[in-house]
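**Q** generate coordinates for the sequence data below:
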Amino acid sequence: MNRQKWTLLLVALVMMAGALSLLAHLRAHQKLGRPGVKTHPLPDGIRLQVDLPERVLDYTSKPLEVEKLVLDFLPPDTSFGQRRYTAPDDFWIQISAVLMGTDRTSLHKPEICLGGSGLRIEDALSSEESIRIPGPRPYDLPVMKLVTTRQTKAANQQDAQRLIYVYWFVADGERTARHSQRMWWMIRDMVRTGVLQRWAYIATFAICAPGQEQAAFERMKKFIAAAVPQFQL
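**A** Residues are numbered from 1 along each chain as shown. Below is the predicted model:
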């Protein structure tokens, strides 16, 4: 190995050591930010309960238990909230909230999880959108809309239903529809302020027949606009 290659290797090792030292320093001195959603502590003293509203518009709701597989898989200080809302015509929408703690691995890129559960994302029907949230200080909430189809084992068969999946991320004073932007902002805030923002991943989803995707999404937009001010800070 010539001198130039040794120099480049030495510089790379120094940079890696510096990065590891910085990460260790940030981890040792980091402060956990406030959630961007309403919560209350659970009896175990570790997790929080995300407080989703009992009623939205003319929808009634019931809470849903988090599966034990999920509880065992994610870090122990990960917090949750889940409810299913049903309209008078039996159209239903489910909200699922996952709130990270000190362990950043609580949240994953949603597209990976959807693919792992057997759902195929229809790229031509999916898009980044915004939903107008009313209130004393109205704002546009960025969301990612994914239209999915459940894959079947038979090669020439297609599921007769679509699942409309709408998600976003929220922290104290920050919100985005993009996982990559959330990760960048989290690193930026840790370096600038020493605060590990406590991000929540909010997902809403509903089922409809093929061809009814836009109509279902319009109903979801109205629902989200009414629900968000009740639980998101």
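
**Q** ok, which stretches of the chain are helices?
**A** Counting by DSSP state H, the chain has helices at residues 3-29, 68-73, 110-116, 179-193, 213-231.

**Q** quick one: buried residues of the third one?
**A** The one in question is helix 110-116. Residues of helix 110-116 classed as buried: 110-111, 114 (neighbour count, 16 or more other Cβ atoms under 10 Å). Heads up, the C-betas are built off the backbone N, CA and C, glycines and all.

**Q** check the offset of that helix from the chain's centre.
**A** The chain centroid and the centroid of helix 110-116 are separated by 12 Å, computed with Cα atoms, centre = their mean, to the nearest Å.

**Q** that one - what's its average pLDDT?
**A** Here helix 110-116 scores 84 as its mean pLDDT.

**Q** so for residue 4, what's the pLDDT?
**A** pLDDT, residue 4: 66.

**Q** how much space separates the spatially most central residue of the chain from residue 135?
**A** The chain has residue 201 as the residue nearest its centroid, 2.2 Å off, counting by Cα atoms, centre = their mean. Using Cβ to Cβ, to the nearest Å, residue 201 is found at 22 Å from residue 135.

**Q** tell me, how many residues neighbour residue 101?
**A** Residues contacting residue 101 under the criterion other Cβ atoms under 10 Å number 19.

**Q** angles on the backbone of the closest residue to it other than its chain neighbours, please.
**A** Nearest residue to residue 101, sequence neighbours excluded (Cβ to Cβ, 6 or more residues apart in numbering): residue 77, at 3.0 Å. For residue 77, the backbone dihedrals are phi -100, psi 20 (criterion: degrees, to the nearest 10).

**Q** surely residue 77 and residue 103 touch.
**A** Yes. Here residue 77 reaches residue 103: they are 6.4 Å apart, a contact under Cβ atoms under 8 Å.

**Q** between those two, which one's more packed in?
**A** Neighbour totals were compared for residue 77 and residue 103, and residue 77 leads with 16 against 13 (other Cβ under 10 Å).

**Q** residues contacting that one?
**A** 46-47, 101-103, 106 (Cβ atoms under 8 Å, 6 or more residues apart in numbering).

**Q** what is the nearest of these to residue 141?
**A** residue 106 (21.5 Å; Cβ to Cβ).

**Q** tell me the spacing between the closest one and residue 98.
**A** 6 Å.

**Q** likewise for residue 205?
**A** 14 Å.

**Q** also residue 206?
**A** On the measure of Cβ to Cβ, residue 206 and residue 98 end up 19 Å apart.

**Q** pLDDT weak spots in this structure?
**A** Applying pLDDT under 70 to the chain flags the ranges 1-29, 151-160.

**Q** who does residue 81 form a beta bridge with?
**A** As for beta bridges, residue 81 partners with residue 97 under DSSP bridges.

**Q** I'd say it and residue 97 touch.
**A** Yes. If you go by Cβ under 8 Å, residue 81 and residue 97 touch, sitting 4.1 Å apart.

**Q** tell me, what's touching these two both at once?
**A** Jointly contacting residue 81 and residue 97 under the rule Cβ under 8 Å, 6+ apart are 37, 50, 52, 231.
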